[in-house]
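> from the sequence below, what's the structure:
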Amino acid sequence: MRVPGGGNGRAAFTQAMAAMLAQSRISILNVGTHAIELLDPDHAEGVVYCHAEIGDEREWIHQLIVYEDRYERRQGRWYFVGRRHRLVYGQRQERSPLDQPPAEWPRNAVGRGTAPMHWPSWQAFWAGAQGSGER
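Have a look, this model is predicted:
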């Protein structure tokens, strides 16, 4: 599988995803409405819709994305082999939802929450990203 940046394979995909995730502190991708069409016994195409919320304390973006996917069966197993990212729209929100006082849930439903900043995996990723010069 070719990935953004011109690489191939799982290692290149992992590296490309880490670089992409390091661009924004929070990336929420709500994926749904997946339709797959079988083209022949070993090939299929799919369309997947994604509503994205991406940003940090300074900037917040809403996106609607359509992924056009390709699948292939090899030795009896189905594999994901490619994706075309189609942007329907991207829109900046006037103010980031993270730029507000803490909600202190459950006392208050409005304000900044604690997820994902309290997750050990989020903390480890950002500790490593800052050590590599990423923001």
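> any weak-confidence spans in this structure?
Across the chain, the ranges flagged by pLDDT under 70 are 1-2, 4-5, 129-135.
> so what are the domain limits for it?
26-95, 100-135 (automatic domain parsing).
> I'd like these as JSON lines, with distance to Gly7 and mean neighbour count appended.
To be clear about C-beta, it is placed using only N, CA and C from the backbone, and glycine gets the same treatment. Formatted as JSON lines, the domains of the chain follow (distance: least, Cβ to Cβ, whole Å; neighbours: other Cβ atoms under 10 Å):
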{"stretch": "domain 26-95", "distance to Gly7": "14", "mean neighbour count": "13"}
{"stretch": "domain 100-135", "distance to Gly7": "18", "mean neighbour count": "11"}
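> from start to finish, how long is stretch 17-34 in a straight line?
21 Å (Cα to Cα, to the nearest Å).
> mind checking how far it is from the chain centre?
2 Å (Cα atoms, centre = their mean, to the nearest Å).
> same thing with stretch 62-81?
15 Å.
> do stretch 58-65 as well
11 Å.
> show me what that stretch is in contact with.
Outside stretch 58-65, the residues that touch it by Cβ atoms under 8 Å, 6 or more residues apart in numbering are 49-55, 85-93, 95-99.
> and Gln100, which of the three is it?
Following DSSP: H, G, I helix; E, B strand; the rest coil, we place Gln100 in the coil state.
> so which of the contacts of stretch 58-65 sit within strands?
Judged by DSSP state E, strands contain the following of the contacts of stretch 58-65: 49-55, 85-92.
> what does Pro101 show for phi and psi?
phi -70, psi 160 (degrees, to the nearest 10).
> strands of this protein, residue ranges please.
Using DSSP E, strands in the chain cover 26-40, 43-55, 60-74, 77-92.
> appreciated, that's everything.
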